[in-house]
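[1] requesting a structural model of the entry that follows:
(one chain, ligands or ions: 2)
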Amino acid sequence: MDMQSRIRQLFLDSIETKRQATEVLIPHIEMASQVMVNALLSECKILACGNGGSAGDAQHFSSELLNRFERERPSLPAVALTTDSSTITSIANDYSYNEVFSKQIRALGQPGDVLLAISTSGNSGNVIQAIQAAHDREMTVVALTGRDGGNMASLLLPEDVEIRVPARSTARIQEVHLLVIHCLCDLIDRQLFGSEE
Ligand SMILES: O=C(CO)[C@@H](O)[C@H](O)[C@H](O)[C@H](O)COP(=O)(O)O
Ligand SMILES: [Zn+2]
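    Ligands and ions are numbered 1, 2, ... in the order given. Prediction:
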């Protein structure tokens, strides 16, 4: 296959993954936005974590809350647990990589806070331990997953929300995760500050 055909195929695969995810994900995204809005209205915050591309997604989400999304509005409280290299390397070095998020959650998480836990496989050990720590801290979990939801799916409580992309490729799942994050930012702004029309 020549390179332009390959690029075309990747675009079409991404579009088709999003098309297939649309109706499946809509009610879960709506529920997740309500969980987040309720937390923000109660002066609670959102912590976010994930590995690799999902670490980037966690930071993308927290920066849109802390700074802005598409309109002028007050800063909203969110923390990406993926950015402090001193904290992450010391926890990984002294304990284990599986604890890099959970130890931060045990320090920073408060009852009523939300954990945005991102993993395309649902099987990353440090994200799984983050969910367990969040539950111990009486936080609600919004999980962005893919494939069969992995071990993360079976850990979630009835008040948690899983947004599971019906796809197998990590890259395609990540592309939908980013769209979900932008949907959440849009819905949070609308519910807190009203629609602009
Ligand atoms: O971005 C990509 C692949 O598109 C990679 O960096 C990917 O995020 C990493 O391999 C992650 O470690 C995968 O973890 P997960 O999504 O299974 O939790
Ligand atoms: Zn990637």
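
[2] neighbours of the nearest residue to residue 159 once chain neighbours are set aside, just the number please.
    Leaving aside its sequence neighbours, residue 159 sits nearest to residue 140 (CB to CB, 6 or more residues apart in numbering; 5.7 Å). To be clear about C-beta, it is placed using only N, CA and C from the backbone, and glycine gets the same treatment. Residue 140 has 23 neighbours, counted by other CB atoms under 10 Å.

[3] how far away is residue 140 from ligand 1?
    20 Å (CB to the nearest ligand atom, to the nearest Å).

[4] what does that residue show for phi and psi?
    The phi and psi torsions at residue 140 (degrees, to the nearest 10) take the values phi -100, psi 150.

[5] what does residue 142 give?
    Per degrees, to the nearest 10, the backbone of residue 142 is at phi -110, psi 120.

[6] quickly list what it is bridged to.
    Beta-bridge pairing for residue 142 (DSSP bridges): residue 116, residue 161.

[7] ok now do it, which residues does it touch?
    32, 35-36, 114-117, 160-161, 163 (CB atoms under 8 Å, 6 or more residues apart in numbering).

[8] from those residues, pick the one nearest residue 133.
    residue 115 (8.3 Å; CB to CB).

[9] would you mind finding the longest helix in the chain?
    Scanning the chain for the helix with the most residues, using DSSP state H, yields helix 3-41.

[10] give me the neighbour count for residue 123.
    Count around residue 123 with other CB under 10 Å applied: 16.

[11] how far away is it from residue 112?
    28 Å (CB to CB, to the nearest Å).

[12] isn't the residue nearest to residue 159 right up against residue 116?
    No: if you go by CB atoms under 8 Å, residue 140 and residue 116 don't touch, sitting 10.2 Å apart.

[13] quick check: residues of this structure near ligand 1?
    51-54, 119-121, 124, 127, 170-171, 174 (CB under 6 Å from any ligand atom).

[14] re the thing from before, in PyMOL, how would I select the buried members of the contacts of residue 142?
    In PyMOL syntax, the buried subset of those is picked out as below (16 or more other CB atoms under 10 Å):
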select buried, resi 32+35+36+114+115+116+117+160+161+163
